[in-house]
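J.: the sequence isn't on hand, but the structure is:
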Ligand code: FEO
């Protein structure tokens, strides 16, 4: 574990997980991750903000080896990668007061088995004193669970944000010094975890404008000693219109759909529309998600399997709908052997998306001159609509 000082008496206890390659059995982690706890020593009380994933419990307990007292354990978020060592902390420090939001309390009991009578709830904007230091709690529901809160260390102007502004990035850097790398990791994290809650995050960002913040300290990845770097990035992701970008998640079994995708990629490029195909049988879904954060249009491209879309494209459609990106337009293209309902199934899978569906292009067997003409017409439609993006 790396113990790094942010201010005298304010330490980050980071359990770097360099080798982890999958989170939630779903999210690829090309750069590993870290679980950051924070130890704050006041003149009368010592607080620990968040813990670490249970797989790294021994690392945190070892880092706390010389720390005789922890008076307050702040659980900002109950997901186990941050709270999963809470029980061990409660055992190590029998007098510790566990602090959480009101919504988190029953979840801590259910998920972690911490007895309810050990947990004290705090309200939104409530403060506690550590003596010469003050912690203020700021409810931030749905970033990305309903119980989440942030913690503001007033005297030092440090905002602890748990998952918000985090990145799955194992690094020896305390702060985001390699900005290009951190931006990409933070954007990927936003797309995979936070994007479904963009509307609520917009409101949270407005509330954070009321605070003077010198450091943002998330519970994954490096901290930010220039908070505007990550706050401005989030403002862009949640507020600005999507880009002139088309994504084409696709699969092809015998080449017909792949030829259609190739044709559409060229047609869109010729019209000045950026386009990126993703072969869903090999793609890293995180790369697809991060581009979804920018795209204005998605075109699902699929052969027909048992009258519906190929399962890998079903996964793409399901993820697209679940992540609720800023998409404005959608379409389906592909092929079938004798009959099929792939376009209808894809529309149904994406029924929660607020998009305009453009004309589908499906061919029986191999694509023909007529198929390519229809794809050119689809490219024309997308070009015209993207000129009106604002
Ligand atoms: Fe990093 Fe929602 O846990």
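T.: Ah, there it is. Keep in mind it's a predicted model, so treat the numbers as computed, not measured. Residues are numbered from 1 along each chain as shown.
J.: from here on, contacts and neighbour counts on C-alpha atoms
T.: Noted.
J.: can you tell me the SS state at residue 258?
T.: helix (DSSP: H, G, I helix; E, B strand; the rest coil).
J.: how about it: what's its closest non-neighbour residue?
T.: Nearest non-adjacent residue to residue 258, counting by Cα to Cα, 6 or more residues apart in numbering: residue 252, 5.4 Å away.
J.: ditto for residue 295
T.: residue 245 is the one closest to residue 295 (Cα to Cα, 6+ apart), at 4.7 Å.
J.: tell me the contacts of the residue in the stretch 101-250 of the chain that the ligand sits nearest to?
T.: With Cα to the nearest ligand atom, the shortest gap between the stretch 101-250 of the chain and the ligand falls at residue 163, namely 5.1 Å. Contact analysis of residue 163 by Cα atoms under 8 Å, 6 or more residues apart in numbering lists 143, 144, 218, 219, 220.
J.: show me the protein divided up by domain.
T.: Following automatic domain parsing, one gets these domains for the chain: 2-239, 247-382.
J.: pLDDT on the shortest one, on average?
T.: Domain 247-382 shows a mean pLDDT of 97.
J.: same check on stretch 116-127?
T.: Here the average pLDDT along stretch 116-127 is 97.
J.: swap in stretch 21-40?
T.: pLDDT averaged over stretch 21-40 gives 95.
J.: rewinding a little: any chance of the domains of the chain in TSV, with distance to residue 390 too?
T.: TSV is the format used below for the domains of the chain (distance: least, Cα to Cα, whole Å):
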stretch	distance to residue 390
domain 2-239	11
domain 247-382	11
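J.: burial count for residue 179?
T.: 12 (other Cα atoms under 10 Å).
J.: and the pLDDT for it?
T.: 97.
J.: what of residue 390?
T.: For residue 390, pLDDT reads 83.
J.: pretty sure it is touching residue 241, no?
T.: Yes - between residue 390 and residue 241 there is a contact under Cα atoms under 8 Å: 5.5 Å.
J.: neighbour count: the two, which is higher?
T.: residue 241 (16 against 8).
J.: which residues touch the more buried one?
T.: 326, 389, 390.
J.: what's the burial count for the second one?
T.: Put plainly, it is residue 389. Neighbour number of residue 389 under other Cα under 10 Å is 12.
J.: so it sits against residue 295, correct?
T.: No - assessed by Cα under 8 Å, residue 389 is found out of contact with residue 295, at 11.0 Å.
J.: what residues are shared contacts of those two?
T.: Common neighbours of residue 389 and residue 295 are listed as 242, 243, 244 (criterion: Cα under 8 Å, 6+ apart).
J.: name the residues of stretch 326-339 that are buried.
T.: Within stretch 326-339, the residues that count as buried by 16 or more other Cα atoms under 10 Å are 326, 327, 328, 329, 330, 331, 332, 333, 334, 335, 336.
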